[in-house]
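Asker: Got a sequence here, can you model it:
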Amino acid sequence: ASALPLHLPMRCSPLQRCDQLALALSAVRPDLAFKPAHTEPRIAEMNFGAWEGQLWSDIPQTEIDAWTADFADTRVGVHGESVRIFMQRVDGALAQWRASGEDALWVTHAGVVRAARLLLAGVACPTQADQWPQQGPGFGALEVLDSR
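Answerer: Just a heads-up that it's a prediction; the model follows:
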């Protein structure tokens, strides 16, 4: 955390694991001053519906196959998000950040980082599962994304 500039605005996924990390960062870096009001729902991880919390091996292969056959638009876990909805949600947060012209710290999830990487590369929505980035940031890692 010491490489972060002073007075960097922090936005955080509302999910508990990110909220806890943001509060811990604020404890050691008061200049980051995270407050619960700084949560940003658009940078929450993709909603996997009924698949949430399950091992991939416990999800019926037919459901995974149906998703990968229509990767962009199938709602995962029946009532979860589609990749397209997720990408649009992240794109909204990304566009607002870019319009601000300021640096910011997002405490978020690997899926959001992958989506942001794609969006910054000009990919609005991958249509095939193999277009989704395999490499994500490591657990607790800091990754710098440049919008220029």
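Asker: so which helix or strand takes in the residue most central in space within the chain?
Answerer: In the chain, the centroid-proximal residue (C-alpha atoms, centre = their mean) is Val112; its distance is 1.8 Å. Val112 is part of helix 110-120 when elements are defined by DSSP states H and E.
Asker: List the buried residues for that helix?
Answerer: Neighbour-count burial for helix 110-120, counted by 16 or more other C-beta atoms under 10 Å, picks out 110-119. No exception for glycine: its C-beta is placed from N, CA and C like everyone else's.
Asker: Is the residue nearest to Pro14 when sequence neighbours are not counted bridged to anything, and to what?
Answerer: Nearest residue to Pro14 in three dimensions, chain neighbours excluded: Thr39, at 4.3 Å (C-beta to C-beta, 6 or more residues apart in numbering). For Thr39, the beta-bridge partners are Cys12 (DSSP bridges).
Asker: what separates the residue nearest to the centre of the chain from Gln61, distance-wise?
Answerer: Using C-beta to C-beta, to the nearest Å, Val112 is found at 27 Å from Gln61.
Asker: Contacts for stretch 76-84, please.
Answerer: Residues outside stretch 76-84 that contact it (C-beta atoms under 8 Å, 6 or more residues apart in numbering): 46-52, 63, 67, 71-75, 89, 125-126, 132.
Asker: Please compute how far the lengthiest helix in the chain lies from its chain's middle.
Answerer: Determined from DSSP state H, the single longest helix within the chain is helix 83-100. Centre-to-centre, helix 83-100 and its host chain are 10 Å apart (C-alpha atoms, centre = their mean, to the nearest Å).
Asker: got the buried residues for it?
Answerer: 83-91, 93-94, 97.
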